[in-house]
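> quick one, fold the following:
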Amino acid sequence: MTFTVLIPARLASTRLPNKPLADIGGAPMVVRVAQRVLSGASLAGRVRVVVAGDSPLIVEACQAHGIEAVLTRTDHPSGSDRLAEACDLLRLGDDEIVVNVQGDEPLIDPSLVAAVAGLLLNQPAASMSTAVHAINSEAEFNSRNVVKVVLDAQGLALYFSRAPIPCWRDQPLTANDSAALPSPPPLRHIGLYAYRVGFLRRFPTLAQAPIEITESLEQLRALWHGYRIAVHIAPHAPGPGVDTPEDLERVRRLFGA
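Just a heads-up that it's a prediction; the model follows:
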């Protein structure tokens, strides 16, 4: 299987301005993300990595480090719109597979990228795929900032929610009691997606779903319109992303070490 990894990158960021170009060990963060994906032994010879930037500065920085990049519009309302434009710029066919890796994930696990892409080969009914890992704390299970998902017998998503799902009717959770979590453990969503290109081109044209607006979760639009999402269960949580100056300093220390 061969596929394309697209890394959307925009300069505007409320908490960390010019985030894609933030230096990490002598290279911009978005370059470090691309290099990390390309370093994966499980992806050798199978993956094309392209940064989809909204500024010539991003494209130039990538090209200076030997990373392929395309310039996309600045007015896209969402990352999926930017990815769809990138597919057109790269002339990708509708049957090809692309993986969306965020430009602020310099510690992304390449094997996780390969697993999510591979799901679409094994799940022909799915238009997109994603990943999860087990939740092992009551605080995560109840947090609205942690997105949960429940699956069917084929490993396809039934629903995503910020609420604690599945709700265990007969045993209320007690504070900080991980033993009181449902069994099997609930699943936390990891924001990594693979798409069939034809579906990715169609997705921005779909009307927003009421549940998408309520939960503020874009992937619910796909479920609302009848598309299926295959889900890979990862053995552990992924490495931390970069959202704040503190996150950036932590990742810089890791690269320095």
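> the helices in this structure, which residues?
29-38, 56-64, 79-89, 110-122, 138-142, 197-202, 210-215, 219-224, 245-256 (DSSP state H).
> what's the most buried one of these?
helix 29-38 (a mean of 23; mean count of other Cβ atoms under 10 Å). All C-beta spots, glycine's among them, are computed from the backbone N, C-alpha and C.
> alpha carbons only: can I get that one in CSV?
Extracted as CSV, the C-alpha positions of helix 29-38 are listed here (Å, rounded to 0.1, in the frame of the first residue of the first chain):
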residue,chain,number,x,y,z
MET,A,29,8.3,22.5,13.6
VAL,A,30,6.4,21.5,10.5
VAL,A,31,9.6,20.2,9.0
ARG,A,32,10.2,18.1,12.1
VAL,A,33,6.7,16.6,11.7
ALA,A,34,7.4,15.6,8.1
GLN,A,35,10.8,14.2,9.0
ARG,A,36,9.3,12.2,11.8
VAL,A,37,6.8,10.6,9.5
LEU,A,38,9.5,9.9,6.9
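> that helix packs against which elements?
With contacts taken as 3 or more Cβ pairs under 8 Å, 6 or more residues apart in numbering; DSSP states H and E, helix 29-38 sits against strand 3-9, strand 47-53, helix 56-64, helix 110-122.
> which among the helices of the chain is found nearest to V47?
With Cβ to Cβ as the criterion, V47 lies closest to helix 29-38 of the helices of the chain, at 6.7 Å.
> and that closest one, average pLDDT?
Averaging pLDDT along helix 29-38 yields 95.
> over to stretch 137-154?
93.
> list the buried ones in that stretch?
E138, E140, F141, V146, V147, K148, V149, L151 (16 or more other Cβ atoms under 10 Å).
> quick one: end-to-end distance for that stretch.
This stretch, stretch 137-154, spans 26 Å end to end (Cα to Cα, to the nearest Å).
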